[in-house]
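**Q** quick one: sequence plus predicted model below, questions after.
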Amino acid sequence: MNLFSFTANFTSEESCRLHFKEERDKQGVQCKCGSKEHFWIKSVWSYECKKCRSRISLRSGTIMQSSNLSFLVWYKTMFLMTATKKGFSSKEIQKQLGLKRYEPVWAMVHKLRKAMGNRDARYTLEGMIEFDEGYFTVESSEIEQEKGIRGRGAVGKMNTAIMAESTILEDIETGKKSNQCRYFKAKVLTDHTSEQINETIKESISEKSILFSDKSTSYIDIADLVEIHITEKSNKETTTE
């Protein structure tokens, strides 16, 4: 959704609440007594259980529970977090929303990121998959940074498994081949063992996939976990491609 579509659909607090209610009604609401039959009381924006008459607020049991921030603020934050590939920091979102306190914004962004991660974890990649490990900079002391080690064991680097659905495309006229990537997954690794690599493959990639990787010793069991495992020695040329 681009900015114009967002502002057209979510113009006010009420429009966000109504949309949130529509989405929640699709999933259903369950009372603590176990009943799923409810009345909707618009005057207080709450559900009332037909069995025990307990009331459940629209936020209760959702990611917005206990938050004092408005539905509009939550929706704007979700838009900002998904509008660009680079994303926004909590501090920048606070600035964009014009909010005085940082803590509620940080808590909201943290909950949204966790929910997005839980959602992505339910899906597996399939087809032709490229698999490798990447190293992302994390906070470290100046002394550690001065060591300047690269690759595995690098100070201030977090080892991450990177997986991408990659389809080979060929131009009919020129015969030139290129790769088109669809969906990606990434998972932080705590070590470099084959056991953790295997667990990551099981969780993230379909058994019927064709997987491409380099010849790392950590990948020796991958052939048992997918349909086909194709390896290629990593060098300057393959890395550039």
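**A** Arrived safely, thanks for sending.
**Q** distance check, the closest residue to Asn9 other than its chain neighbours against Ser70.
**A** Leaving aside its chain neighbours, Asn9 sits nearest to Ser15 (7.1 Å; criterion: Cβ to Cβ, 6 or more residues apart in numbering). To be clear about C-beta, it is placed using only N, CA and C from the backbone, and glycine gets the same treatment. Using Cβ to Cβ, to the nearest Å, one gets 12 Å for the distance from Ser15 to Ser70.
**Q** how about Ser216?
**A** 49 Å.
**Q** quick one: which of those two has more around it?
**A** Between Ser216 and Ser70, counted using other Cβ atoms under 10 Å, the more crowded position is Ser216 (17 against 14).
**Q** mind listing what that one touches?
**A** Glu133 (Cβ atoms under 8 Å, 6 or more residues apart in numbering).
**Q** what's the answer for Ile63, then?
**A** Here Ile63 is in contact with Lys111, Leu112, Ala115 (Cβ under 8 Å, 6+ apart).
**Q** now it: how far from Ile162?
**A** Separation of Ile63 from Ile162 (Cβ to Cβ) stands at 27 Å.
**Q** next one: Leu225
**A** The value you get for Leu225 to Ile162, if Cβ to Cβ is used, is 17 Å.
**Q** so between the two, which is more surrounded?
**A** Applying other Cβ under 10 Å to Leu225 and Ile162 shows that Leu225 carries more neighbours, namely 17 against 14.
**Q** contacts for stretch 79-93 next, please.
**A** For stretch 79-93, contacts defined as Cβ under 8 Å, 6+ apart pick out 1, 3, 6, 77, 96, 102, 105-106, 109-110, 112-113, 116.
**Q** could you work out the most separated pair of the residues you listed?
**A** Farthest-apart pair in the contacts of stretch 79-93 is Met1 and Tyr102; separation 26.5 Å (Cβ to Cβ).
**Q** pop out the phi and psi values for the residue nearest to Ile210 when sequence neighbours are not counted.
**A** Nearest non-adjacent residue to Ile210, counting by Cβ to Cβ, 6+ apart: Ile228, 4.5 Å away. The phi/psi pair for Ile228 (degrees, to the nearest 10) reads phi -140, psi 140.
**Q** okay, now the unreliable bits of this protein?
**A** 85, 119-122, 137-156, 168-171, 179, 234-241 (pLDDT under 70).
**Q** SS state for Cys33?
**A** coil (DSSP: H, G, I helix; E, B strand; the rest coil).
**Q** burial count for it?
**A** Applying other Cβ under 10 Å, we find 10 residues neighbouring Cys33.
**Q** right, and it touches Cys49 too?
**A** Yes. Counting by Cβ atoms under 8 Å, Cys49 is a contact partner of Cys33 at 6.4 Å.
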